[in-house]
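In: With the sequence up front, the predicted model follows.
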Amino acid sequence: MSHDHDHHHHHDHDHSELSETELRVRALETILTEKGYVEPAALDAIIQAYETKIGPHNGARVVAKAWTDPAFKQALLEDGSKAIGTLGHVSRVGDHLVVVENTPERHNMVVCTLCSCYPWEMLGLPPVWYKAAPYRSRAVKDPRGVLADFDVSLPKDMEIRVWDSTAETRFLVLPMRPEGTEGWSEEQLAELVTRDSMIGTGFPKTPGAPS
Amino acid sequence: MNGVHDMGGMDGFGKVEPEPNEPVFHAEWESRVLAMVRAMGAAGAFNIDTSRFYREMIPPHIYLSSSYYKKWFLGLEEMLIAKGYLTREEVAAGHALQPAKALKHGKLERDDVERTMVRGKFARPAPAPARFKIGDRVRAKNIHPVTHTRLPRYVRGHVGVVELNHGCHVFPDSAAMERGENPQWLYTVVFEGRDLWGEDGDPTLKVSIDAFEPYLDPA
């Protein structure tokens, strides 16, 4: 079966505008399809899953539950994968997810200096900056300098712990619950949880502050 | 290998540039590359460690000047050629010219996509008792293999403390080279920032890596 590329290129451009990289990627997919290695409909389904099913909303629900349910929080810190597995409504999660808790004494931050390891089942695909040289090089040496690039600063004597994801373990930061949220529901709290607050390069939103 | 991918502690790359409202993909071809890597990996054409090694082998000037998914594409193409799934002639022609090589797990079909959306399982039964326990002081070995390793340069030779034991996992140094899974104990080892970066380092900083047992000596 010959594979019609236009089938899945919904916003196709004039072919003269295709970059060399686009042409090479298309050629590779054509070869892999012709050889029976990949099914274009399966590729479409993979992309759709990454674009719609996974994302920081999954991590935000976990964090909000931990903020409101002390037993869940304890289970989460003991075994992240197992605890999240008990929440039917959240994305499936792989093994060895380690949840690390921010406290008034310690701030946690996650990096992968060697490539791009990231808890994507909880946060979606990593942003470009997480995979790029400035963050990967500097996070382990000058994390406060990195945080300044995010307009984030920590108290001078607060411990800062950087987790370099060098194996098939994954790390998710449990940020501190913002003040002024007493009595809030899990759904309300989840709205405050940002992606960066779960990487450790930001804080949750503050109630009432402009977003 | 001591490649440019091993970036921890390097200087001169400039500021981190967060992008407001960043899209999942910046161009459609990026999504096709990601999907091809996932589909070929699920079909058993390669393991995750081998795919990382092929990205690390991208020449340094190209690695540093290519976008993330461009690196994924370059690594994927070279790896599939090296493993005999396609030929340079086919890449040049843009079409299949040779018979296909059998895939270990068979082609990934649409209905099987959901199972690939969970990370693989890397824990394995322990072939021997753990050599270290939580609280032990350990020194990261001063090793410089020219093949794949997950021991970053910036900790080599330094002393840290075992903080977590994650059980036995597939050993990437072995799996990447297709020399078997060779399971090893995996520990979180934490280092003082000043031990890594000297007296001018941030005194409030602690850095951990996840270290396989063969990376460590007692200290």
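Out: Structure's in. What do you need? Please read all numbers here as calculations on a predicted model, not as lab measurements.
In: Tell me the pLDDT of the residue nearest the centre of chain A.
Out: Geometric centre of chain A, nearest residue: residue A:123, 2.7 Å, by Cα atoms, centre = their mean. pLDDT recorded at residue A:123 is 95.
In: OK, contacts around it?
Out: Contacts for residue A:123 were tallied using Cβ atoms under 8 Å, 6 or more residues apart in numbering or on different chains; they are A:55, A:56, A:58, A:59, A:172, A:195, A:198, A:199. Quick note: C-beta positions are derived from backbone N, CA and C, even for glycine.
In: before we move on, what about residue A:126?
Out: Contacts of residue A:126 (Cβ under 8 Å, 6+ apart): A:116, A:118, A:120.
In: do you know how far it is from residue A:151?
Out: Going from residue A:126 to residue A:151 by Cβ to Cβ, to the nearest Å gives 20 Å.
In: For the chain, which segments are assigned as strands?
Out: All of this is about chain A. Taking DSSP state E as the test, the strands found in chain A are A:97-101, A:106-111, A:159-164, A:170-174.
In: actually chain B
Out: B:137-140, B:159-169, B:184-192, B:205-212, B:216-218.
In: most tightly surrounded among those?
Out: strand B:205-212 (a mean of 26; mean count of other Cβ atoms under 10 Å in any protein chain shown).
In: what's the angle between it and strand B:184-192?
Out: Following axes from the mean of the first three to the mean of the last three Cα atoms, to 10 degrees, one obtains 170 degrees for the angle between strand B:205-212 and strand B:184-192.
In: Would you mind getting the angle between strand B:205-212 and strand A:97-101?
Out: 160 degrees.
In: Which elements pack onto strand B:205-212?
Out: On a contact count with 3 or more Cβ pairs under 8 Å, 6 or more residues apart in numbering or on different chains; DSSP states H and E, strand B:205-212 meets strand A:159-164, strand B:137-140, strand B:159-169, strand B:184-192, helix B:193-197.
In: check contacts around the residue nearest the centre of chain B.
Out: Nearest to the mean C-alpha position of chain B, counting by Cα atoms, centre = their mean, stands residue B:52 at 4.5 Å. Contacts for residue B:52 (Cβ under 8 Å, 6+ apart) come out as A:114, A:115, B:148, B:172, B:176.
In: Residue B:46 now?
Out: Residue B:46 is in contact with B:40, B:79, B:83, counting by Cβ under 8 Å, 6+ apart.
In: residue in chain B nearest to chain A?
Out: residue B:119 (3.0 Å; Cβ to the nearest Cβ).
In: distance of the residue nearest to that residue when sequence neighbours are not counted from residue B:107?
Out: In this structure, residue B:119 finds its nearest non-sequential neighbour in residue A:94, 3.0 Å apart by Cβ to Cβ, 6 or more residues apart in numbering or on different chains. Distance, residue A:94 to residue B:107, using Cβ to Cβ: 23 Å.
In: cool, residue A:152 as well?
Out: Computed as Cβ to Cβ, the residue A:152 to residue B:107 distance reads 46 Å.
In: for residue B:116, what are its contacts?
Out: Applying Cβ under 8 Å, 6+ apart to residue B:116 gives the contacts A:46, B:38, B:39, B:42, B:108.
In: run the last query once more with 10 Å
Out: A:42, A:45, A:46, A:49, B:35, B:38, B:39, B:41, B:42, B:43, B:108 (Cβ atoms under 10 Å, 6 or more residues apart in numbering or on different chains).
In: of all the residues you listed, which two lie farthest apart?
Out: The most widely separated members of those, counting by Cβ to Cβ, are A:49 and B:43 (17.0 Å).
In: what about those two, which has more around it?
Out: Applying other Cβ atoms under 10 Å in any protein chain shown to residue A:49 and residue B:43 shows that residue B:43 carries more neighbours, namely 23 against 17.
In: Confirm for me that that one is in contact with residue A:37.
Out: Yes. Counting by Cβ atoms under 10 Å, residue B:43 does reach residue A:37; the two are 6.5 Å apart.
In: Overlap of the contact sets of these two?
Out: B:85, B:103, B:106, B:107, B:108.
In: could you dump these to JSON lines with pLDDT?
Out: Converted to JSON lines, the shared contacts of residue B:43 and residue A:37 look like this (pLDDT from 0 to 100):
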{"residue": "B:85", "pLDDT": "98"}
{"residue": "B:103", "pLDDT": "97"}
{"residue": "B:106", "pLDDT": "95"}
{"residue": "B:107", "pLDDT": "96"}
{"residue": "B:108", "pLDDT": "96"}
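In: So which of these wins on neighbours?
Out: For these, neighbours tallied by other Cβ under 10 Å; top is residue B:108, 26 neighbours.
In: Alright, that wraps it up for me.
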